[in-house]
Structure formats: C-alpha cells, structure tokens
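1. The sequence and its predicted three-dimensional model are supplied below.
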Amino acid sequence: SDAALHGPFVDNYYQDNCEDLGSDAYAISRSGNGICMHAHACQYEFCSDAYAQDLPAYTVEVKTPSDIQQALEFGRTHNIPVTVKATGHSYHGASTARNSLLIWMQKYPKDDTITENYESCNGETTYHAIISINGGETWDDVIEAVGDKYHVVTGGGRTVGAAGGWLMGSGLSFSSRKYGLGVDNVLEFQVVMADGSLVTANACENIDLFWALRGGGGGTWGVVTNVKYKLYPVTPITSTYWMIEGWENAPGKSAYTVLSIWLEFLIELSKDLDPRFGGFWRGNGIYLVFAGTREEADEAFLTRFEAWYNIK
C-alpha cells in the first residue's frame, strides 16, 4: 500500500496550513495532512479557543482496509486513542482528538460502481439501482458518478462525506420526507471493527451492527470502508424560496407580529404538507424543494401558500 504517516505537527501548524484556507470547503478537506476542520474553532476542545488545541499527534492517510487494520492495531498496542475523519465537516469536533492517531479517509480510493436491479441479501426485494460508495468519498464524487440518470438522497453540501459522519449520524436530506434519511437508504456496510476484523453488515449478516451503524454516529462502531446505497428513478425537482423582507426594520411590535403570523402558518402547514416537499426555513424565509413538476407542486401546496403570502 502507498499509505502515508504524517506528523508530528509542530506549534502553529494548523494556523499556517489551515486557517488561511478560510471557508474553502474543497481545500479544507484535502489540506493540512488531514488535520484541517471546516469549523476552524474545532481545532480546540469544545470548538472554543478558550480551551486547548484538540489535534492529533499523527495522521494516517489510508488507502486499503489493511492500512486501517494496522493503524487500529498500533493504537490498541500502544494505548493511543484513534479518531476517524473523512472531510472534517463535524461542527462539534467529533473527528479530532488531542494526541490521537487520526485515520484520514479523504484519499481512500473511490468506487462508484452502479448496479441496476439490485437484489437484497435475502432475495426478497429488487431495488431500482444501487451505488457502491467507498469510505472517504464526498457527495460531489457520488453526484458526478450518478449524473442525470438517477435520483439520490444526498447531504446538504457536495463536499460532505457520503459514507462517514453525515450518514451514520442519520443523514438528513432535502428529499428525506419522501425517500427517507440517509440511513434508510443503506443496504449494506463494510466496516473495519475496533478489533481489526473486516466485516459485512446488512439485513442478513451482523444484523445488530447494521442497525447500530444507521444512527450510532460516525466512528462509534468502526471505520466504514464501503456502503451500498439506493438510487431511484430520475425525479423532476422544483425549488422555491419565499422571504418576508424588511421585517427587521418594522417599528415597535410590528416585526414580532409578522414573524408570529409567519411561524403559526409554518406550524399549521407542516401537519399535512405533501411528503414530496422538503427544505429548510429560517426566521424570515423558507426554501422548499419538491420532488415533482411545478404543476404538481402548485397543486400540492404552492398555490395555497402564494394566496396566503399575498394576503398577509
């Protein structure tokens, strides 16, 4: 293998190699020999510069399951804590720890093999298609592989890891209300366990582990090296963004009144909102994504929403 060991990292290494990258997500994921975090504050414990730095002593740039097994064995033998990182999008610092040996998955080889008419392990279900995603891949990699041939339940950003913390932390997506969370779309994991064993977990084999990996948090149970993930037929997507402008400049209690009416409407609509709608909201606006055509979106909700919006 052409795995590489990086470190030890001298004082100011993070500042010199990571902080100047600002918010460039692509550069942060690939730089600093694996120690850069997307939230730079997470170089410190509790993601606060009031505390000491929380960075690994060494990073291992792994390329094979054997590399991971050897890193885990070394940590176990020498009583060194081991952390796992794909891209560094953890905004509470879960993928780093002080004086740890960090397994860096960013440059692990990609797979992206697509199999159509994929049969479940028990042969009872045939899925439209699946994609095989290796550990360390990002949604950017997967989206490029899928192209315009399928619909895939992705993370909120293309630089987010597709088989790491996002997925094992549940995997919330714009299309989750229709297609489920990320963990609902996994059919199989390949994972290197803490004892170094390489196992497969699905609905037929290592069933308890398969359940635990789908929501237990990235790195809790082992290092995921591959995921078999559902793909769906191409779906038209309609997006819309609505804003209430100028509310922050309204006099007296007017802004509070406007926002109260707005939030009451959002709460009311959520009770029967078509599951093909997803998105996010903030105090003065809502961004909606609909898995269907504009005409279907209008019929399902947008016409009613526009009428309410114009009245208010």
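-> The structure has been received and is ready for your questions.

2. helices and strands around the helix or strand hosting residue 59, which ones?
-> With elements taken from DSSP states H and E, the one containing residue 59 is strand 58-61. Using 3 or more CB pairs under 8 Å, 6 or more residues apart in numbering; DSSP states H and E as the contact test, the elements touching strand 58-61 are strand 4-6, strand 101-104. (Each C-beta comes from the backbone N, C-alpha and C, glycine too.)

3. residues in contact with the last one?
-> In this case it means strand 101-104. With contact meaning CB atoms under 8 Å, 6 or more residues apart in numbering, strand 101-104 is reached by 33-35, 56-62, 68, 71-72, 74-75, 80-85, 95-96, 223.

4. just checking, next helix/strand downstream of the helix or strand harbouring residue 74?
-> Assigned by DSSP H and E, residue 74 belongs to helix 65-77. Counting by DSSP H and E, the element after helix 65-77 in chain order, helix or strand, is strand 82-85.

5. I'd guess residue 128 is in a helix, am I close?
-> No: going by DSSP: H, G, I helix; E, B strand; the rest coil, the assignment for residue 128 is strand, not a helix.

6. Pretty sure residue 232 is one of the things it touches, is it not?
-> Yes: counting by CB atoms under 8 Å, residue 128 does reach residue 232; the two are 5.9 Å apart.

7. More neighbours: which of those two?
-> residue 232 (17 against 13; other CB atoms under 10 Å).

8. wait, what's in contact with the more buried one?
-> Contacts of residue 232 by CB under 8 Å, 6+ apart are 128, 129, 150, 151, 152, 179.

9. nearest to residue 3, of these?
-> Checking these against residue 3 by CB to CB gives residue 152 as the nearest, at 29.7 Å.

10. which residues does that closest one contact?
-> Counting by CB under 8 Å, 6+ apart, residue 152 has contacts 131, 142, 143, 146, 229, 231, 232.

11. can you give me phi and psi for the fifth one?
-> Backbone torsions of residue 229, given as degrees, to the nearest 10, read phi -130, psi 140.

12. wait, doesn't it sit right on residue 185?
-> Yes: between residue 229 and residue 185 a contact is recorded at 5.6 Å, counting by CB under 8 Å.

13. returning to what we had before: list of residues touching the helix holding residue 74?
-> 1, 3, 60, 62, 80-82, 101, 103, 190, 192, 194-196, 198, 223, 225.

14. Repeat that for stretch 38-48.
-> Against stretch 38-48 from outside (CB under 8 Å, 6+ apart): 14, 18-19, 23, 25, 28-29, 35, 37, 49-55, 87-93, 96, 98.

15. Let me know the helix or strand that residue 262 is in.
-> Short version, using DSSP H and E: residue 262 is in helix 254-269.

16. All set, thanks.
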